[in-house]
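>>> sequence first, then the predicted structure:
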Number of protein chains: 2
Amino acid sequence: MARISDVAKHAGVSVATVSRVLAGQGSVSESARERVLASVKALDYHPDLAARRLRSGKTDTLGLIVSDIRNPYFTDVSRAIEDVAYARGMRVLLCNADEDPAKERFYLDMMRDENVAGVILSPTLQLLSRFRPEDFSFPLVLVDRSNPDTHADAVVLDNPDAAQRLARHLLDRGCRRIAFFYGAASATGSQRLAGYRSALADAGLEPVPVPIRPTTEDARQALLAWLDTQSALPDAIVASSGLILLGLIEGLRERGLRWPDDVIIAGFDDMAWTRITSPALTVIAQPTADIGRSAIELLLARIAEPKQAMRRIVMRGELIVRGSSQPG
Amino acid sequence: MARISDVAKHAGVSVATVSRVLAGQGSVSESARERVLASVKALDYHPDLAARRLRSGKTDTLGLIVSDIRNPYFTDVSRAIEDVAYARGMRVLLCNADEDPAKERFYLDMMRDENVAGVILSPTLQLLSRFRPEDFSFPLVLVDRSNPDTHADAVVLDNPDAAQRLARHLLDRGCRRIAFFYGAASATGSQRLAGYRSALADAGLEPVPVPIRPTTEDARQALLAWLDTQSALPDAIVASSGLILLGLIEGLRERGLRWPDDVIIAGFDDMAWTRITSPALTVIAQPTADIGRSAIELLLARIAEPKQAMRRIVMRGELIVRGSSQPG
DNA sequence: CTGTTAGCGCGTTCAA
DNA sequence: TTGAACGCGCTAACAG
C-alpha cells in the first residue's frame, strides 16, 4: 500500500502539498496539483482511513440500529437510508438490536466507540421510556418509535391518526365489534391502540383490545387462543403491524375462516404479500422510503448544525382499501 | 473522553501496563491489574478504535455486501451473520449493491479503504464471471452465487440438484409442459435452469424456459405477456426465486387463474407468505440461517488461516410440498 | 513484572 | 505557494 509520503516523493512535493490537494483546500499551484493527482493515480494511493480519523477526530460513518432486520418495514427504511448515504459516499454501520435492550445497549456503546458521526435508531420501549438526550455522545435520530414528549429528533408515522382512520373505515362498513391485536410492549402498538380506542369511543362502542407479543408466530397463536374464548366471531379484526397481520391471516386460514365474509380483516403495513391474498388486504401503508430519507436528512442536518431545535417529523399513513374490508 | 494516559496516571502505572491489562496479554501483577480495571471504570475509559487500528493495522469489522437488502433471503442470511458477529463483538458493515456492478465496485473499494478484516459478498454476475482472487486485498467469502470453478471460498445452495428435484416432483405429479421463469442475468438462475432442464431431458420433455429480470414486478409483467403468447396454459409454472414467485402469483391472480386446478405453481424460497396463499405453495426452502452462519465461519477461518485451501460449502435445498402442486 | 519510547499515516500549524 | 515538524491515541519492542 502506498503512503502519502510515497505520493509526495513520486510527485516531487511534500506530504503537506499532497494533503492539501486531496482535501481540496489551501492554495496549491496548478502544476503541483496535476503532478500530485497523477502520482495518486500512478501509485493507486488510497488514504488510510484509520489515520485520517485519528488525526481529524471525525468519521463519515453513520450508525443504524433497527429492531428487526427481517421486518420489511425496517429493510425498506434501511434501503432508503443506505441510498442517501451511498450518494454522499458515507458508510452505514447497520445493526440489529432484535428488540433486545441488552443488544441495543451493546450497539449504542459500539457506536460511541466507533465515533460515528451520528446514529439512527428505532428504540426499544425500555430505552424510549427512559430516554435522555444527554445519555448520547453523538447526534441521534429516532425512527418509527418516539413519543410526542421525547426530546429527540424523530421521524414517525402519525399512529393515532392512522389507526383511527382505519377503525373509522371499518365502522363505516358497518362493523361494530372490532378486535385489535397489538404489540403491548411497543410504542407504536400503544399509539395505534389509542387511535383505535378513540374511533370506537366516538361511535359509542366498546373496544376489544388484545395485547400480544408483536411477532407473526405469537399473533397466530394468540388469535387461535383468543377465538377459543369467544362465543361468536367479531365483525372485524385489526392488526397493529404487518408481522401481526400475517400471523392473523395464518390463524384464520388454519380455522378455515374467510374474509371478508366470516370476518373482516385489516391492518398496518402495505407488505408485498397483502396483495395476493383472496381477497387482498385493506391496510395502512407507511411511506417507508420517505421515512428513511427524512431520517438521514434530519441526522445530517443535526450533524451540520448541532444546536438547532429538535425536530419531529410526523408522516401520514395512507389507507388502502382492498377486498378484505368490503363485505358483500 | 479519557485517554489511556489518564487511566495510567489514575492507576499509578504506565500506559504500557494499561495496554497490557486491556489486551489481556503480557504479564501484569494482580494488584496492578486491579488498579487499572478500577481506573478504567472510574474514568469510564473507552479505547479509541481509530488509534488502535492505525497502530495495529487490524480491524474487527467485517463487510457484508448483499445484492438486495429487501430480499428476505438476504435479510435472513444477514441476520445469521450478524448474530455470529455480535457474539464475537465484531462489527458488520452492511451494504446494498442493488445488483449494480458500479455500486458493488464502490462498496468493494470502501471495504479496502476501511481495511476490514474480511468481506462476505453475493456478487453480481459481471463480477463473478471475471472473478480473480488476486483482485481482492482482503479475505473474501462468496455467498449465494458462485460457480464450481470460481476460485473462492463460497457458501451456496446446490441449485441444479434443488431445481431438478422440484421439477421431478412436478413430473411425478403428471405435469408435462412445465414453464420455468428465471433470472437470466444471475448465476443462481442459470444453475437452477440447468437442473430443471436436466430433469425434463431425463423425462424426454421439452423445456419451456422464460428468462426475465428477477424482480417481482418484472415477473408479474412477464407472466402476463407470456400468457398472451400461449394458446393453452402449461401444466405447471416454476419460479427460480421467491421474488419471482410472488410476481407470478400476482399475475395469476390478475388473470383470475387458480392453482393447482388451472395451473400448478411452485418455486424457490420458503418465504413467510407462501403459507397463506390458497392453497399454500410448494417450494424449495433454503437453509438461510445455516448459509449465513457457514459464511461467516468460513470467513473467520480464512482470516485466522489465510493459506488454507479454498472451501466451497454446498447446501441442500429442502423440497416442501404443499397444496399448489397437489392437483385434484 | 514494569516503564520508556518509537512509530502507525495523516492533517495542520508555523515559517519561509 | 510550499515544506518541516508535531501530535492524534495507541501498541509493541526493548530495556530495566
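Alright, I've got the coordinates. Numbers count the residues shown, from 1 in each chain, chains lettered A, B, ... in the order given.

>>> are stretch A:59-77 and chain B in contact anywhere?
Yes. Contact of stretch A:59-77 with chain B (Cβ under 8 Å from any Cβ of the partner chain) involves A:59, A:69-70, A:72, A:75-76. All C-beta spots, glycine's among them, are computed from the backbone N, C-alpha and C.

>>> including pLDDT, secondary structure and distance to B:R35, could those go into TSV?
Output for the residues of stretch A:59-77 next to chain B, formatted as TSV (pLDDT from 0 to 100; DSSP: H, G, I helix; E, B strand; the rest coil; distance: Cβ to Cβ, whole Å):
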residue	pLDDT	secondary structure	distance to B:R35
A:T59	94	coil	32
A:I69	92	coil	42
A:R70	92	coil	45
A:P72	96	helix	51
A:T75	96	helix	47
A:D76	97	helix	51
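
>>> who wins for most neighbours among these?
A:T75 (25 neighbours; other Cβ atoms under 10 Å in any protein chain shown).

>>> that one: what's it in contact with?
A:69, B:69-70, B:75 (Cβ atoms under 8 Å, 6 or more residues apart in numbering or on different chains).

>>> nearest to DNA strand D, of those residues?
A:I69 (30.2 Å; Cβ to the nearest atom of the strand).

>>> list the residues that contact that closest one.
By Cβ under 8 Å, 6+ apart, the residues touching A:I69 are A:75, A:78, A:94, A:96, B:75, B:78-79, B:82.

>>> please repeat the previous calculation with a cut-off of 10 Å.
When contacts are counted by Cβ atoms under 10 Å, 6 or more residues apart in numbering or on different chains, A:I69 touches A:75, A:78, A:94-98, B:69, B:74-76, B:78-79, B:82, B:94.

>>> got it, and A:I313?
Applying Cβ under 10 Å, 6+ apart to A:I313 gives the contacts A:141, A:143, A:146, A:153-156, A:290-291, A:294-295, A:297-298.

>>> returning to that earlier point: buried subset of the contacts of A:I69 as a PyMOL selection?
In PyMOL, selecting the buried portion of the contacts of A:I69, with burial taken from 16 or more other Cβ atoms under 10 Å in any protein chain shown, looks like this:
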select buried, (chain A and resi 75+78+94+95+96+97+98) or (chain B and resi 69+74+75+76+78+79+82+94)
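
>>> circling back: and the residues of stretch A:59-77 next to chain B, which two are the farthest apart?
Across the residues of stretch A:59-77 next to chain B, the longest distance by Cβ to Cβ is 29.5 Å; it joins A:T59 and A:P72.

>>> closest residue of the stretch 101-250 of chain A to DNA strand C?
Nearest residue of the stretch 101-250 of chain A to DNA strand C: A:N115, at 14.0 Å (Cβ to the nearest atom of the strand).

>>> re the thing from before, and the contacts of A:I313 near DNA strand D, which?
The overlap between these and the neighbours of DNA strand D (Cβ under 7 Å from any atom of the strand) is empty.

>>> give me the neighbour count for the residue of chain A at minimum distance from DNA strand D.
Proximity of chain A to DNA strand D (Cβ to the nearest atom of the strand) peaks at A:S27, 2.2 Å away. By other Cβ under 10 Å, the residues close to A:S27 number 6.

>>> for it, give me the pLDDT.
A:S27 is assigned 87 on the pLDDT scale.

>>> cool, and A:D202?
You'll see A:D202 listed with a pLDDT of 97.

>>> I'd assumed A:A167 was in contact with it.
Yes. The criterion here is Cβ atoms under 10 Å, and A:D202 meets it with A:A167 at 9.1 Å.

>>> who has more neighbours out of those two?
Higher neighbour count among A:D202 and A:A167: A:A167, with 27 against 12, using other Cβ under 10 Å.

>>> any idea how far the more buried one is from A:A203?
Going from A:A167 to A:A203 by Cβ to Cβ, to the nearest Å gives 9 Å.

>>> what's the overlap in contacts for the two?
Contacts common to A:A167 and A:A203, judged by Cβ under 10 Å, 6+ apart, are A:175, A:178.

>>> tell me the contacts of A:R302?
Going by Cβ under 10 Å, 6+ apart, A:R302 touches A:117-118, A:138-141, A:152-153, A:308, A:310-311.

>>> let's see which of these end up in strands.
Among those, the residues falling in strands (DSSP state E) are A:118, A:140-141, A:153.

>>> out of those, which are buried?
Buried subset of these (neighbour count, 16+ other Cβ under 10 Å): A:118, A:140-141, A:153.

>>> state the pLDDT value of A:D83.
95.

>>> my error: substitute A:V263 in the last question.
For A:V263, the pLDDT comes out at 97.

>>> need the per-residue pLDDT for the nearest residue to it once chain neighbours are set aside.
Using Cβ to Cβ, 6 or more residues apart in numbering or on different chains and skipping residues adjacent in sequence, the residue nearest A:V263 is A:L233, 5.0 Å away. Listed pLDDT for A:L233 reads 97.

>>> same check on A:L171?
The predicted local confidence for A:L171 is 98.

>>> dump the residue contacts of it.
Contact analysis of A:L171 by Cβ under 10 Å, 6+ apart lists A:178, A:199-200, A:202-203, A:205, A:235-236.

>>> what of A:A184?
With contact set as Cβ under 10 Å, 6+ apart, A:A184 has these partners: A:125, A:190, A:193, A:209-214, A:240.

>>> relative to chain B, how far out is it?
If you measure A:A184 against chain B using Cβ to the nearest Cβ, to the nearest Å, the figure is 22 Å.

>>> and for A:D161?
A:D161 sits 27 Å away from chain B, going by Cβ to the nearest Cβ.

>>> residue contacts, that residue?
By Cβ under 10 Å, 6+ apart, A:D161 lies in contact with A:191-192, A:195, A:198, A:284, A:314, A:316-317.

>>> most surrounded residue in these?
The residue in the contacts of A:D161 with the most neighbours, by other Cβ under 10 Å, is A:R192 (31 neighbours).

>>> give me the nearest residue to that residue, chain neighbours excluded.
Per Cβ to Cβ, 6+ apart, closest to A:R192 is A:A163, 3.9 Å.

>>> coming back round to it: residue contacts, the residue nearest to A:V263?
Contacts of A:L233 were listed using Cβ under 10 Å, 6+ apart, and they are A:177, A:179, A:227, A:255, A:257, A:262-264.

>>> out of those residues, which are inside strands?
Those of the contacts of A:L233 lying in strands (DSSP E): A:179, A:264.

>>> make a PyMOL selection of the buried ones in the contacts of A:L233.
The buried residues among the contacts of A:L233 can be selected in PyMOL (16+ other Cβ under 10 Å) with this line:
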select buried, chain A and resi 177+179+227+257+263+264
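
>>> possible to save the contacts of A:L233 as TSV with distance to DNA strand C?
Shown next, in TSV, are those (distance: Cβ to the nearest atom of the strand, whole Å):
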residue	distance to DNA strand C
A:R177	66
A:A179	60
A:L227	64
A:R255	64
A:L257	64
A:D262	66
A:V263	63
A:I264	61
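
>>> doesn't A:I284 lie inside a strand?
Yes. Counting by DSSP: H, G, I helix; E, B strand; the rest coil, A:I284 is part of a strand.
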